[in-house]
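# what's the 3D shape of this:
(chains A, B, C, D and E, ligands or ions: 4)
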Amino acid sequence: MLRTLAISAGYGLLPVLNGIDLSVAPGEVVGLLGRNGAGKTTLLRVIAGALRASGGAVVLGDQDLTNAPAFRRARAGIAHVPQGRGIFNQLTVRQNLEVGTRAAKERGDGGIPTDIFGYFPILREREAQVAGTLSGGQQQMLAIGRALCGLPSVLLLDEPSEGIQPNIVQSIAELVPRIARERGIAIVLVEQNLDLVLKAADRCLVMEKGRIVHEGAPEAFADETLLKDLLAL
Amino acid sequence: ADTVKVGLSIPITGLQAILGETLLNCYKLAAAELNAANGIGGRQVELFIEDNQTTTKGAIDKARKLINEDKVDVIMGTIISPERSATLSVTAKAKKLFFYPTNFEGGECNRYFVATGPIPMQQVDPMMPWVAENLGKTIYVMASDYAWPQKMTEAITAAYEKAGGKIIGADYYPFGTTDFGPAFQKIKSLKPDVVWSMVVGNDAVTQLKQYRSFDIKQPLIAPLDEVFNKDALPAGVAAGTYAPQPYWMALDNPVNKKFISSFREKFGQEKMVNGIGEAGYNGLHLYALAAEKAGSLKDDDVLAALPSIEFDAPQGKIRVDATNNHTLCHSYVGKAVADGIGYEIARDFGVIAPVTPYCKL
Amino acid sequence: MSDVLLQAENVGIRFGGLQALEALDLTVRDKELCCIIGPNGAGKSTFLNVLTGTLRPTSGSVRFRGRDIAGLPLHRIARLGIARKFQIPSVFPSLSVEDNLKVARWGAPSPVRPVAELLELVALTNRAATLAGELAHGQKQWLEIGMALAIEPRLLLLDEPTAGMTPQETLATAEMLLRLKGEFSIVAVEHDIRFVRALNCETLVLHQGRRLRSGPFHDIETDEMVRDVYLGRR
Amino acid sequence: MIARDRNWLLIFVVCVALAILYPFIADGYQLTVIRDALIFGLFAASLDFFWGRTGILCFGHAAFFGIGGYIMALVTLNDAIPFASLLGLAGAVAGAAFVAAIIGYFLFFGGIRGSYFTIVTLAMGVICQQAAVSWSSVTGGDSGLIGIPPIEFDVAGLPVDLSQDLPSYIFVSAIVAVAVLALWSISRGRWGTVLTAIQDNEVRAAALGHNAPLRLLVTFVLSAAIAGLAGALYVCMAGLVAPDLSGLLLSTEVIVWVAVGGRGTLLGPVLGAIFIQRAQQTISSFNPSLWPLLLGCVFVVIVFVLPDGILSIYARLKSLFKGRRRAQ
Amino acid sequence: MDFVVTTLLNALTLISILMLVGLGLAISFGLMNVTNLAHGEFVTVGAFAVYFVQSMGGSFWLGLAAAPIAGAVVGCILEFAIIRHLYSRPVSTVLATWGVSLILQQGLELTFGLGAKPVTPPIEGTLDLVFTVYPAYRLILIAIAALTLLGVVLLISRTSFGLDIRTVIQNREMAEGVGINTRRTYAIAFTFGAAIAGLAGGLVAPLAIVLPQMGVNYLANAFFVVIVGGVGSIGGLVAGSVFVGGLTSVLNYQISPSLAQAIVLLAAIVAVRLRPNGLFNGASR
Ligand SMILES: Nc1ncnc2c1ncn2[C@@H]1O[C@H](COP(=O)(O)OP(=O)(O)OP(=O)(O)O)[C@@H](O)[C@H]1O
Ligand SMILES: Nc1ncnc2c1ncn2[C@@H]1O[C@H](COP(=O)(O)OP(=O)(O)OP(=O)(O)O)[C@@H](O)[C@H]1O
Ligand SMILES: [Mg+2]
Ligand SMILES: [Mg+2]
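Ligands and ions are numbered 1, 2, ... in the order given. So this is what the prediction gives:
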């Protein structure tokens, strides 16, 4: 589904990513781990088109999106839930979702898919509330819900558990694989919360200094020493 | 150094550009006439044209450049007061002759400053008894908020009261006003016999357009002229308005006929001239005659000769008063004809001497 | 009682129709460490805002060393010795890391720790010249803690200090706070239970603007009610 | 940072050296031209001191220039006042600072920042110019006040008379150099860093114990005071003060000078002021009716070719040079 | 009664003009945060469009239809050539738009010649309104301004394009991320603002002077109205126009107009001081 080939990118003269190859299949959840500053956020931003790659390619299905602007990628089916959520604070919940359907303009019927209210009943309850006044956890749900409104084939989640209360983190851990399975979406999940990743992901990658240094099934990461090796300071 | 260098400081860009263009053309005409007739004492007149941008900074800079870099023999031009002051601040220090063509509020008194346009009393004193007799006994004044209208209003009030009239209201509007509605409302409630507008420049266009739309019937005195009416106003809106000026294109004399025909020949048959332009034209001719007579281009020599010469100008014969370097101008009331561009002479008051209690040179 | 640093009594606040906080009490003693936890939207950040005087409560009072600080200008509050780390990391993006810490020190009435030591403390020595805006999320968090330390506070309030940190960094942060505990009082708001567990201190649980429970963390962790509304079960 | 400081000082020294050498090649008139341009350069630096460091644009800075000018004019034109030149300068600085203090107090402590501040100051400029035109009994109305004497005072018995071109040029250059150096050392040190912090995130800076409104106010007042000084100097050199010296057009021009020179560099705006003014007057003499068009094109081109102002030419050349060396 | 109604209508005229010019600015400056010093020139271009059409023998109404189109064309070109490259560089925007304003003024002057241009109103004379007689054209102007306002409000609040604009303005990167072509949205919004300014120019043409430099007269006031009312809201714009326009008209009758202008500006400063987010926004910061 989604493939990146030898992606490299950076800010100004500072290189951050050095040749990342990544591929995700429909219905699969890939966990992406790594220390602070490893470049996880940067990778997602490059895939979503918010940041220009300095080399490499991004391919979705049979479409080469390497030079497409961000909105084209969104319309092609790549949805990004960024770190910090990126909610439109002054719009209502419903308007946020409505804006989310813009990505599906060329594919769907332009309406809000009602099954997202199945995942997040609170969004229906709070439809008319201004999004900025939602609590952190509710905003996170809105961000995911909004991404789903675009009928994406790829979903990029950047630390969805940040600032979320523990019991909701648990439900996100259940929800993410469910969404992937039910809708056949390829999901890239960047997380610091190991429990969540290990529970939600089918496969885990570890990034270090802009490279992927390890890959394996979540079960393999249950080994404490390996984890320490890969993620400790 | 075989030419007579005349520096012109003209608002070519900025808000006075339209008057500036006519003024510049009049200088060009005068220079061409002089050059065709052997220049000044055999020397050709060379014009140094600078755009003073209608700003203080620009006018100062240009005056300095003309004096120091181009080494001109005389400076002429400028229209509104800030340009004049700024230029004067340079010429006074450099003791350089400066001929100013525009009608202005007066109050300047400098040996090297020569005004060829009228000050308020020259226009107003003879006119007010005529207004009281022919137009009415009460006047409402609406004007731009600056010195010339303020001084004019003082002069009008004095002369009008002497003639038995009364100013029943005066409002001054800041430059750039886009809506004069409140003034017309006042006119409707005060019901003056005459409205005297001294809203000038671009605001005058706005004011007049709106005046007409409010359908006010009183006679209007407004400081308009042929150039302005033709180039700035919608057809006909100026029709019937009165204006005091030292010069009108309608003046029926051979000098004026020739002046207009050579002007149009040079700059276009449809072109108009106005009092400011004519005063500029007169200024250059007066300077030429004085320099010729003095046989020198030194500022002091020319000045010394200036009061003794007389020039047969389009407005009639004029000369400069030695006590204040102001010109004895003619004074006419014009009334705009139906096309709203040209004027007919409603009344001729003859030559009026400038009286300046504040200035004894 | 002289060692009471901060005392909040019966604090309540309304936003329009929403009663965001109701009847809250909190006492922080000198050099004491305590935590506030609770579901999203429970009012934790709002409570911190009240404690630092940036929001005036609609009822109740907050006293810092015996004086009412509600409504004082922010900088006066800071100079009284209250430091604060915001929920969204807010460093000065166009200044270098070092200048960020300098600016923080300059604001203090009597800074003690030199910049080099602060850099060391938050493990940013080798990024001292980097513009703070270019730091990764987690590094910004550390920098912000460093800035809070720079003003030599008597009371440090932390709003989700470890958000976005790796588990190891989270624990390192907790250790750092435990080390600093002897110097001033700390109030931390956090969702990361391992962090709170590591601090193992007096904990206040908020729920819908009210006190749900309070007590030592190990009591809280096992509380059924808290598990229901917040921790979840597994 | 250190390297950038060194660059700045280097350019500063070069500029001072050029200013010292200039009288040897220029005649009196050329000196006066540069002298006046330098005064406007000082004016631009004063705006940059505020705008460059706080990121808040003052759209009515000419008001302070004009206030300084009018106070200087009124003091020196009044025969009854002794030590008129010095008192006038002091009064101009104080008057501009006072007005800035009042306006700044209202705005900064009222929490007004950003574009609000910009437009409110724009209104202030408009009011100032209109007041200067309408209040003609004091200000001389639209034609202004003419005949302001050149600066003249005694320093320890030594008479300083600036009626001549060279002394006035030296005096103005010295003031500009000292003022720019002073403003620079203020703005690069602690004061400036904290201002940058406030610009980045005011709430955060306040939470660290910085009195942000006060700091902004003091910076604004200082900036206005320098603008007032520039205004006072200019009217003495020109011999005249007129309403448009406090008007919107000049306020806009000074913004353009700062932007062309490079915001936040202090020296750049001085050079920008000199460059644009000379360019404007030269182009307008070259073609009196087309110059606005050419000038407009210059602005647009500068924005795209030299986005960080003319001072960045140096940095650009340097990096180009370095790049070459690295390439070899 | 006559007095009250006339004052009211005078105020409404001024408010309408301020509001129309401000409306375009509310979009570019208020919403998009582009400090466009060439905004006044859009007004000029609109007025010149009317003049041009009339001078070619067309009617005023045809000219009025051409005015927003002319504004839009100029705005679109400006956006495409300059503004879009400078969204992240506000200082450069100030400089470049100032340059553009000089170029446009001079360009108009070179094309149409020096001086003011005549424009004749579509209808002369006054209308009898029972309480007072009032110039008919002014009534038309008020009506068109109100309709335009209504249209813009509907467009922003009811259409999906309006939602897109608001989205892009709040968070450009994120808007792009959900599939909105933000470049296009910005371009359209800017062009739309220019079109409204052009319409305003067309409407004032018969009332006020038409001249390449006329834009300045409107620029400062328009910025002011937007700020006083509160950046970023149409309601605020109306409030700002009513405040500035209404106060000016009422004061003008009582005291010297120059003083009135100063007082209005001072009052506006105080208003901004008291309600830093604008008159319209409920909460102050
Ligand atoms: N806007 C920026 N400008 C310059 N450098 C940046 C910028 N954003 C990030 N960086 C740098 O890029 C590197 C990678 O950052 P990134 O945000 O991708 O890390 P991350 O793996 O997501 O870390 P975290 O877990 O803290 O979110 C870091 O060294 C950081 O300093
Ligand atoms: N200025 C405000 N106006 C209206 N409601 C507000 C305001 N600030 C906060 N709220 C509401 O008050 C409640 C408490 O918010 P607060 O930010 O304190 O929650 P929190 O406990 O910090 O949550 P989180 O863990 O998600 O950060 C929320 O429901 C929020 O919507
Ligand atoms: Mg990240
Ligand atoms: Mg919170």
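# What ranges in chain E fall below the confidence cut-off?
E:1, E:230-232, E:272-273, E:275-285 (pLDDT under 70).
# The longest strand along chain B: which residues count as buried?
Determined from DSSP state E, the single longest strand within chain B is strand B:343-352. Residues B:343, B:346, B:347, B:349, B:351, B:352 are the ones in strand B:343-352 that count as buried (16 or more other CB atoms under 10 Å in any protein chain shown). In short, each C-beta sits where N, CA and C put it, glycine included.
# For the fifth one, list the residues it contacts.
If I follow you right, that is residue B:351. Neighbouring residues of residue B:351 by CB atoms under 8 Å, 6 or more residues apart in numbering or on different chains: B:316, B:317, B:318, B:328, B:329, B:330, B:331.
# wait, does whichever strand or helix holds residue A:97 contact chain C?
Per DSSP states H and E: residue A:97 is located in helix A:93-100. No - against chain C, helix A:93-100 shows no contacts by CB under 8 Å from any CB of the partner chain, the least distance being 14.1 Å.
# cool, stretch A:200-213 as well?
No - no part of stretch A:200-213 sits near chain C under the criterion CB under 8 Å from any CB; the closest distance found is 11.3 Å.
# Can you measure across that stretch, start residue to end residue?
Stretch A:200-213 has an end-to-end distance of 21 Å (CA to CA, to the nearest Å).
# So what does residue B:9 look like in phi/psi?
phi -110, psi 100 (degrees, to the nearest 10).
# and if you look at residue A:57?
For residue A:57, the backbone dihedrals (degrees, to the nearest 10) come out as phi -140, psi 150.
# What's the mean pLDDT across the helix holding residue A:97?
Confidence over helix A:93-100 (mean pLDDT, whole number) is 92.
# helix or strand right after that helix?
Beyond helix A:93-100 toward the C-terminal end (DSSP H and E), the next one is helix A:116-119.
# from the middle of its chain, how far away would the helix or strand following that following helix be?
Next in sequence after helix A:116-119, counting helices and strands by DSSP H and E, comes helix A:121-125. The chain centroid and the centroid of helix A:121-125 are separated by 22 Å under CA atoms, centre = their mean, to the nearest Å.
# Of all the residues in helix A:121-125, which ones are buried?
Using 16+ other CB under 10 Å as the test for burial, helix A:121-125 gives A:122, A:123.
# and if you look at stretch A:97-107?
By 16+ other CB under 10 Å, the buried positions in stretch A:97-107 come out as A:97, A:98, A:99, A:100, A:101, A:102, A:103, A:104.
# Out of the residues you listed, which is nearest to ligand 4?
Ligand 4 has its nearest neighbour among the buried residues of stretch A:97-107 in residue A:97, at 23.6 Å by CB to the ion.
# can you tell me the residue of the stretch 1-150 of chain E closest to ligand 4?
Counting by CB to the ion, the stretch 1-150 of chain E gets nearest ligand 4 through residue E:33, at 28.2 Å.
# which non-adjacent residue is nearest that residue?
For residue E:33, ignoring the flanking residues on the chain, the nearest one in space by CB to CB, 6 or more residues apart in numbering or on different chains is residue E:90 at 7.1 Å.
# that older thread, now the buried residues of stretch A:97-107 in JSON lines, please, with extra columns for distance to residue A:42.
Shown next, in JSON lines, are these (distance: CB to CB, whole Å):
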{"residue": "A:97", "distance to residue A:42": "28"}
{"residue": "A:98", "distance to residue A:42": "30"}
{"residue": "A:99", "distance to residue A:42": "25"}
{"residue": "A:100", "distance to residue A:42": "24"}
{"residue": "A:101", "distance to residue A:42": "28"}
{"residue": "A:102", "distance to residue A:42": "25"}
{"residue": "A:103", "distance to residue A:42": "22"}
{"residue": "A:104", "distance to residue A:42": "27"}
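# Out of those, flag the one nearest to chain D.
Proximity to chain D was ranked across these by CB to the nearest CB; first place goes to residue A:99, at 26.0 Å.
# Not including adjacent chain positions, what is the nearest residue to that closest one?
Closest to residue A:99 by CB to CB, 6+ apart is residue E:167, at 4.9 Å.
# what's around the residue in the stretch 51-200 of chain D that ligand 3 sits nearest to, how many residues?
Using CB to the ion, residue D:200 is the residue of the stretch 51-200 of chain D that sits closest to ligand 3, at 20.8 Å. Neighbours of residue D:200 under the rule other CB atoms under 10 Å in any protein chain shown: 20.
# Let's verify the closest residue to it other than its chain neighbours: helix, strand, or coil?
Leaving aside its chain neighbours, residue D:200 sits nearest to residue C:92 (4.0 Å; criterion: CB to CB, 6+ apart). The three-state label given to residue C:92 by DSSP: H, G, I helix; E, B strand; the rest coil is coil.
# Next: residue B:333.
strand.
# quick one: is the helix holding residue A:97 near ligand 2?
No - on the criterion CB under 6 Å from any ligand atom, helix A:93-100 is out of touch with ligand 2, staying 12.4 Å away.
# Tell me the pLDDT of the closest residue to residue C:201 other than its chain neighbours.
Nearest residue to residue C:201 in three dimensions, chain neighbours excluded: residue C:33, at 4.5 Å (CB to CB, 6+ apart). Per-residue confidence for residue C:33 comes out at a pLDDT of 91.
# Mind giving me the packing neighbours of the host helix or strand of residue D:106?
If you go by DSSP H and E, residue D:106 is part of helix D:84-109. Applying 3 or more CB pairs under 8 Å, 6 or more residues apart in numbering or on different chains; DSSP states H and E, we find helix D:84-109 packed against helix D:61-77, helix D:114-134, strand D:152-155, helix D:212-238, helix E:257-274.
# That helix: which residues count as buried?
The neighbour-count check on helix D:84-109 (16+ other CB under 10 Å) flags D:84-93, D:95-101, D:103-104, D:107-108 as buried.
# Kindly format the C-alpha coordinates of stretch E:120-134 as CSV.
Output in CSV follows, covering the C-alpha atoms of stretch E:120-134 (Å, rounded to 0.1, in the frame of the first residue of the first chain):
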residue,chain,number,x,y,z
THR,E,120,-21.5,60.8,-13.6
PRO,E,121,-24.0,59.3,-11.2
PRO,E,122,-26.7,57.1,-12.7
ILE,E,123,-29.4,59.2,-11.3
GLU,E,124,-29.4,62.9,-10.4
GLY,E,125,-31.5,64.6,-7.9
THR,E,126,-33.1,63.7,-4.6
LEU,E,127,-35.8,61.4,-3.3
ASP,E,128,-38.6,62.5,-1.1
LEU,E,129,-38.6,60.3,2.0
VAL,E,130,-41.5,62.0,3.8
PHE,E,131,-39.3,63.2,6.6
THR,E,132,-36.6,64.6,4.4
VAL,E,133,-35.3,64.7,0.9
TYR,E,134,-32.1,62.9,0.3
